[in-house]
Structure formats: C-alpha cells, structure tokens
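Participant: Sequence and predicted structure below; questions after.
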Protein chains: 2
Amino acid sequence: MAPRSSTLDGFHRRKVLVTGGLGFIGSNLVRSLVKSGAEVTVVDSLIPEYGGNRRNLAGVRTGLRINISDVRDRHSLPYFVRGQDFLFNLAGQTSHMDSMTDPETDLEINARAQLSILEACRQHNPGIRVVFASTRQLYGRPDYLPVDEKHPLRPADVNGINKLAGEGYHLLYQQVYGIRSTVLRLTNTIGPRMRIKDARQTFVGVWIRQLLAGEPFEVWGGEQLRDFTYVDDAVEAFRLAALSPQAEGRIFNVGGTPPVNLKTLADLLVAVGGGSYRLRRFPDDRKKIDIGDFYADDRLLRETLGWRPRSSLKQALARTLAYYRKEGAYYV
Amino acid sequence: MAPRSSTLDGFHRRKVLVTGGLGFIGSNLVRSLVKSGAEVTVVDSLIPEYGGNRRNLAGVRTGLRINISDVRDRHSLPYFVRGQDFLFNLAGQTSHMDSMTDPETDLEINARAQLSILEACRQHNPGIRVVFASTRQLYGRPDYLPVDEKHPLRPADVNGINKLAGEGYHLLYQQVYGIRSTVLRLTNTIGPRMRIKDARQTFVGVWIRQLLAGEPFEVWGGEQLRDFTYVDDAVEAFRLAALSPQAEGRIFNVGGTPPVNLKTLADLLVAVGGGSYRLRRFPDDRKKIDIGDFYADDRLLRETLGWRPRSSLKQALARTLAYYRKEGAYYV
C-alpha cells in the first residue's frame, strides 16, 4: 500500500504505542505504521474472547515489538508509556452481550484501565499524543439519522456507558492536564483480521465464517440500517487524527459507506462470495439492548481532517472474503 | 415536622434501604422516613473524609438499623437489598478535588459499586424501587442558563464522569431488567447535618465553620452564580420520586432558591449569623475543574411531581446556623 498523502510521513521514525495492537483495527494500524517507518510497541492481552490474534501481525519483521500484557495491569503501564510520541489506545472489551453478563469486567477494561493509562501519561509522558477508539454505542437508540456528534448520549448497554466514561477521561485529561487526545467514535468496521469466530466484534464476522464453511448464515431481522467502515479507512482516520493539531481535544464520528439494511448487506455478500442465508426473527434477549437503525454523520471528520473513505461496501466485502479464503484457518 | 402531603404515608411500614444514610442528605431523609413509620436500614462506611457522622442519626430510637459497611463490598450487598421496598442510593464520593487526586477511588465508589448494587437488585430483588442521588457536576460548564435536563453532558472532573456512569447503569437496568429507578441531579444542598469540617461536600460548610469559630470566612471570586436547595426540600424530592410511578426511568434536576452570586450569599450569611468574610482570588488549581456560573432549571420536577421548595435561602441559612450553634462540636 503506497502512502496516501504527505501526512503519512509524520510517523517516520516516531515511537508509537498501540494498545490492542494484535486486534482487528489495531493490527491493521500497526502494519500501516510500520510501513511508514514508525517504531511500534504493541500491548495486547490476547484474551481468547477478544480481538487479539498472533496471526494479525505475522510477517512483520522490523520496527515492531509485541508485549503480551493487559491494560488493567496498571503497574506495567508507566514503562510502556514513557518515551512514546503517540499512543493509539484501542484495547477494549467490545461485546455488547458480554458487557451485560459480566458488567464489572467491561468496566475494568473500558473505564478503570483507561484512567490508569491516562494517569501513566500524566505522570510519565504528558507530551504524548493520544487517539482513543470509542464507539457509536454510546448514542443508544438514535433520535434522528444520520447521527452526528451532538446527538444525545444515552447508552443502550453497559459497554456504551463504560466507553462513555473512557472517552470522558481522555477529554478531561486534555482539558485539565494538557494531554492531547482525540476520540474516534467507530461504527461497524469490517475487513481483514477481524474476529470471525463469533459475533463479539461484529456480526459480519460470523456471516463470513459460516459462508466459508459452506453453511447458510443467519440474518436477524433484516430491515435494520447500518453503515460500514472498511478497516483501511478506519486506519486512515486514526492516522489523520494523530497528526492533526486541529483534532486535539475533539470527538469525531467515523462513518464510511452509505447505509444499507442487513438484508441488502447479506445479498451483497452472497453476490460477492456465493453461499446463502436464512432470515431469522430478531432474538428477544438482544432486542433489549439493540439500538435499531443507525448510521453516522461523519461530515465533521471529512471537513476537519479531510478524511474520505476509499472503499465501497462491495470492495470491502470482496477484500475481506479474499483474506479469509486464504487465512481463514487462523481465525476459527 | 408534620407530613406535607398524603404521599408521605406511602412509607408507613415500608422497608427502606438508605446507602450513605449517616451522611448529610441521607440522614435527613432517614429521619423523615422514620417519622413516616418506615423500617429503615442504613448502610454507611463512615469514612472520615466523607459525609457520614454518627451524630446525624442520634436520638432516632425506633424503626432504624444502622450497619457500618461500604458499598464497594459487593459481598454484603445482596443481604441488604433483599426484602426492601425502596432503595435510596446516596452513598458516594462527593469531592471534586479528591476525584482528581485519586480518580480510581472515585470510580470504585461512584461507578463500580453502583453496578454491584444494581446487580444485587437484579438478582435478589428486582421489584425494588430505587432513587439515585446524582449531581449537576455532569453538565460541566453550562452552555446556557438555567440548565435543564437536556443540556449536553460534558463533565468537568472525574467525579462528574463517574457519576454519569452511575446514572447510566440505573437507567439501563430499568430499561433492560425493569428495575424501577429515578435519578435526581442535585445542585448545592445545604442544611443541618452537612459536613462543615472542610469543603469536600460544599464550600458553605467551611464558611459556617469559620463563622462559628469567629474567623472571617473566605469567598473565592465572588461573582459566580449558584442555586441552593435546603435539605428538607431535597428530602421531599427523594420521597416524591420514590412514590411517583411517573418518575420511573427518568432524570430530574433538583433546584431550589433563585440563583445568587457568592458575594450575595456571603452577605446574606453575615446578615443572618454575624461575622465577616474576605474576598480571595479564585485558586488556579480549582479553576481547571470549575464549572463557572450554574443554576438548574427544575421545572420538570415541579411539573411532573408537584415538587416545590418551601424554604427561602435566608431561612435555609438561618436554620443551618441554628443547628450548628447547638451541635457544632460534633462536626468539627
């Protein structure tokens, strides 16, 4: 992948810490940073239920140090934070259902550990530049569409509440202590290296796993509107955010392709990859924390940072499928 | 104090749990509930830096059980929650400055313990009726005045972020699990039994301590606008919220007297209680987490629950002073 713009050079020989760097978006970001000549340190806990996967950084031979540790381990954080130019803070618990069955673990990772990370920055490296991966989940059920950054915050699950706290700490530590942070609120991100073992990261992962196994995949409901970000476009948003002074202390939605309903998405996936799907009634236990239709208004990101998604939904699905046809064995 | 309305009878012979029940608002609420004939259990940790004080419930001889424990002790919570009709959930860390110097303790009490309390309700008493004491702090610096419940949430300190999470869990557990909760966002509450040892609960406490000691009290800045709730009026808001089905799942600001600036408040206190004060420049370390002018729009509470504050600011100050002239020795 050739650099897309001159801003990419901003990472050449810079020291970068990526929490959750063996995860889906994290590992794609790490690969891009290494290509830019950055010296990258990855901190990842490789908890089996989460997004980390050794395969995600296979073949990266220079400019990379991988450390297996958890962001809840507050004692190791000062060591990792010291001397870094950038921190991409992506480690998180992402499953909405798991946040309801085990709310305290979600709180420990998505809220408490974020405080520890920021305290480590404040005490050991207040000049660091931070980008925090947040989520559309904290908007809850939208009052209007598309959802912009001014939409009321009414999280529909414990995950959304804790991620909101995590964001809040980042913005507060900038305001009070001058630790420069940008918050990116992600929607459904898809692409190579996502978790396909189950739906803990995205339901599209399960669809792809079933499609590759030659089984019909299940579409719940089908009418729900969603927008999707191809992972390379998400990576570009993280890079731009880190390098743009005008992004400091601000929150941006990261959107992407025009919204489609899930049935249309399923048809597109079948058109690209073959296979078939079954429509199924939306399960009751998920309905309670479901947010209904959602798509993001990402004009602020486009206008402020010049971000543009480069991949269509069809391209995104085709590239993702191609990856898992080759690498699928490492992900199931 | 005679019952103010027929709704007060709703607590007769009902079982009520009050966390933070030895604290300022908690103990005034407990006294009022005991007068209504409720069977009250108080859970309070009596941490010296917080609001709990044995004296606050001195002389209450029937209908009251006091248990010294901390809401962070998740193992004892199921026992206390079982069989209760109401839970007034007031235990909290209230100091804005302490939340910045020790953010993790604030998180443990104001966020994590709230999850434990709600989990205990979900598992052991899902029919309980809950009222949660929140704070105006989660609005941050106001965009407009008076601040209504729709104002953007932009907490200006760690305390505000964690209290926002605490609120969020309450509303979510109602939405998902049907545990009926009301959130009250309090502004400056004053009255008998508040902490006067220092400013951890309210700056007015320190003013009163100094006035009683015959020293001039310090007014920082002086131009800031604030509104005040007399504690009996706050207690009435908690009682109404618990007994009103139309309050379930909702958030209400609790306001009170018309706003005054701090200099006017100081003049009024001197007119009522004698003494003198010094104007002092607003300290730099507090400026960073200061929210500027604030006063609440409490029309929703008035219109939905028929709440009315009964005490003027002058009456509130006079009653508070009278209490500490008699009881001050127990609070310094």
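Facilitator: Cool, got the structure.
Participant: what's around the closest residue to chain B within the stretch 201-332 of chain A, how many residues?
Facilitator: Residue nearest to chain B within the stretch 201-332 of chain A: A:Lys288 (4.7 Å; C-beta to the nearest C-beta). The way it works is simple: take the backbone N, C-alpha and C, and place the C-beta from them, glycine included. With neighbours defined by other C-beta atoms under 10 Å in any protein chain shown, the count for A:Lys288 comes to 15.
Participant: residue contacts, it?
Facilitator: B:Gln175, B:Val176 (C-beta atoms under 8 Å, 6 or more residues apart in numbering or on different chains).
Participant: in stretch A:105-125, what's buried?
Facilitator: A:105-122, A:124-125 (16 or more other C-beta atoms under 10 Å in any protein chain shown).
Participant: Report the distance from that stretch to the chain centre.
Facilitator: 18 Å (C-alpha atoms, centre = their mean, to the nearest Å).
Participant: ok, now stretch A:302-309?
Facilitator: Counting by C-alpha atoms, centre = their mean, stretch A:302-309 comes out at 18 Å from the chain centroid.
Participant: quick one on the thing from earlier: okay, the residue of the stretch 201-332 of chain A closest to chain B: pLDDT?
Facilitator: We have a pLDDT of 79 for A:Lys288.
Participant: Equivalent analysis for A:Gln210, please.
Facilitator: On the pLDDT scale, A:Gln210 gets 95.
Participant: so how far is the helix or strand where it lies off the chain centroid?
Facilitator: Assigned by DSSP states H and E, A:Gln210 falls within helix A:203-212. The gap between where helix A:203-212 is centred and where its chain is centred comes out at 18 Å by C-alpha atoms, centre = their mean.
Participant: which helices and strands does it pack with?
Facilitator: If you count contacts as 3 or more C-beta pairs under 8 Å, 6 or more residues apart in numbering or on different chains; DSSP states H and E, helix A:203-212 packs onto strand A:217-220, helix A:262-273, helix A:313-327.
Participant: tilt between the second one and helix A:203-212?
Facilitator: Relative orientation of helix A:262-273 and helix A:203-212, computed by axes from the mean of the first three to the mean of the last three C-alpha atoms, to 10 degrees: 40 degrees.
Participant: Just after helix A:262-273, pick out the following helix or strand.
Facilitator: strand A:277-280.
Participant: Just the element for A:Phe294, please.
Facilitator: Assigned by DSSP H and E, A:Phe294 falls within no helix or strand.
Participant: looking at it, it is touching A:Asp143, isn't it?
Facilitator: No. Counting by C-beta atoms under 8 Å, A:Phe294 does not reach A:Asp143; the two are 11.5 Å apart.
Participant: neighbour-wise, which of these two wins?
Facilitator: Neighbour count, other C-beta under 10 Å: between A:Phe294 and A:Asp143, A:Phe294 has more, with 22 against 10.
Participant: What distance do you get for that one to A:Pro126?
Facilitator: Taking C-beta to C-beta, to the nearest Å as the measure, A:Phe294 falls 36 Å from A:Pro126.
Participant: Give the bridge partners for the residue nearest to A:Phe88 when sequence neighbours are not counted, please.
Facilitator: Leaving aside its chain neighbours, A:Phe88 sits nearest to A:Val18 (4.6 Å; criterion: C-beta to C-beta, 6 or more residues apart in numbering or on different chains). Taking DSSP bridges as the rule, A:Val18 bridges to A:Val42, A:Phe88.
Participant: need the residues of chain A near chain B, please.
Facilitator: A:100, A:103-104, A:107, A:111-112, A:115-116, A:119, A:150, A:152-158, A:160-162, A:164-165, A:168-169, A:171-172, A:175-176, A:288-289 (C-beta under 8 Å from any C-beta of the partner chain).
Participant: what does the lowest-mean-pLDDT helix or strand in chain A rub up against?
Facilitator: Every helix and strand of chain A was ranked by mean pLDDT, DSSP states H and E. The lowest is helix A:284-287, at a mean of 80. With contact meaning C-beta under 8 Å, 6+ apart, helix A:284-287 is reached by A:Met97, A:Trp220.
Participant: hmm, 10 Å instead?
Facilitator: A:His96, A:Met97, A:Met100, A:Asp157, A:Ala199, A:Trp220, A:Gly221, A:Arg281, B:Val176 (C-beta atoms under 10 Å, 6 or more residues apart in numbering or on different chains).
Participant: In contact with A:Val43, which residues are there?
Facilitator: Per C-beta under 10 Å, 6+ apart, neighbours of A:Val43: A:17-22, A:26, A:65-71, A:73, A:76-77, A:79-81, A:87, A:89-91, A:117.
Participant: Among those, which are located in strands?
Facilitator: Among the contacts of A:Val43, the members found in strands (DSSP state E) are A:Leu17, A:Val18, A:Thr19, A:Arg65, A:Ile66, A:Asn67, A:Ile68, A:Leu87, A:Asn89.
Participant: Wait, the fourth one touches A:Glu39, no?
Facilitator: Yes. The criterion here is C-beta atoms under 10 Å, and A:Arg65 meets it with A:Glu39 at 8.0 Å.
Participant: and for these two, which residues touch both?
Facilitator: Common neighbours of A:Arg65 and A:Glu39 are listed as A:Leu17 (criterion: C-beta under 10 Å, 6+ apart).
Participant: In terms of neighbours, single out the busier of these two.
Facilitator: Comparing A:Arg65 with A:Glu39 by other C-beta under 10 Å, the one with more neighbours is A:Glu39, at 20 against 12.
Participant: Tell me the secondary structure of A:Phe252, please.
Facilitator: The three-state label given to A:Phe252 by DSSP: H, G, I helix; E, B strand; the rest coil is strand.
Participant: partners of it in the sheet?
Facilitator: A:Leu184.
Participant: you'd agree it is up against A:Thr187?
Facilitator: No. A:Phe252 lies out of contact with A:Thr187 (C-beta under 10 Å); the separation is 11.8 Å.
Participant: which residues are common contacts for these two?
Facilitator: In contact with both A:Phe252 and A:Thr187: A:Ala296, A:Asp298, using C-beta under 10 Å, 6+ apart.
Participant: A:Glu149 - nearest residue in space that isn't next to it in sequence?
Facilitator: A:Ile251 (5.3 Å).
Participant: Verify the contact between the one you found and A:Lys163 for me.
Facilitator: No. Assessed by C-beta under 10 Å, A:Ile251 is found out of contact with A:Lys163, at 11.9 Å.
Participant: Find residues that contact each of the two.
Facilitator: Common neighbours of A:Ile251 and A:Lys163 (C-beta under 10 Å, 6+ apart) are A:Phe132, A:Ser134, A:Val183, A:Arg185.
Participant: Return the member of those nearest to chain B.
Facilitator: Closest to chain B, out of all of the shared contacts of A:Ile251 and A:Lys163 and judged by C-beta to the nearest C-beta, is A:Val183, at 12.4 Å.
Participant: What does the pLDDT read for that closest one?
Facilitator: Predicted confidence (pLDDT) for A:Val183: 98.
Participant: next one: the one 4 residues further on
Facilitator: pLDDT, A:Thr187: 96.
Participant: mind exporting the helix or strand harbouring A:Leu240 as CSV, just the C-alpha atoms?
Facilitator: Element membership for A:Leu240, per DSSP H and E: helix A:231-243. C-alpha atoms of helix A:231-243 as CSV (Å, rounded to 0.1, in the frame of the first residue of the first chain):
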residue,chain,number,x,y,z
VAL,A,231,-10.7,-1.2,8.1
ASP,A,232,-8.1,0.7,5.9
ASP,A,233,-10.4,3.7,6.0
ALA,A,234,-10.7,3.4,9.8
VAL,A,235,-6.9,3.2,10.0
GLU,A,236,-6.6,6.3,7.9
ALA,A,237,-8.9,8.1,10.4
PHE,A,238,-6.6,7.1,13.3
ARG,A,239,-3.5,8.3,11.5
LEU,A,240,-5.0,11.6,10.4
ALA,A,241,-6.4,12.2,13.9
ALA,A,242,-3.0,11.7,15.5
LEU,A,243,-1.2,14.0,13.1
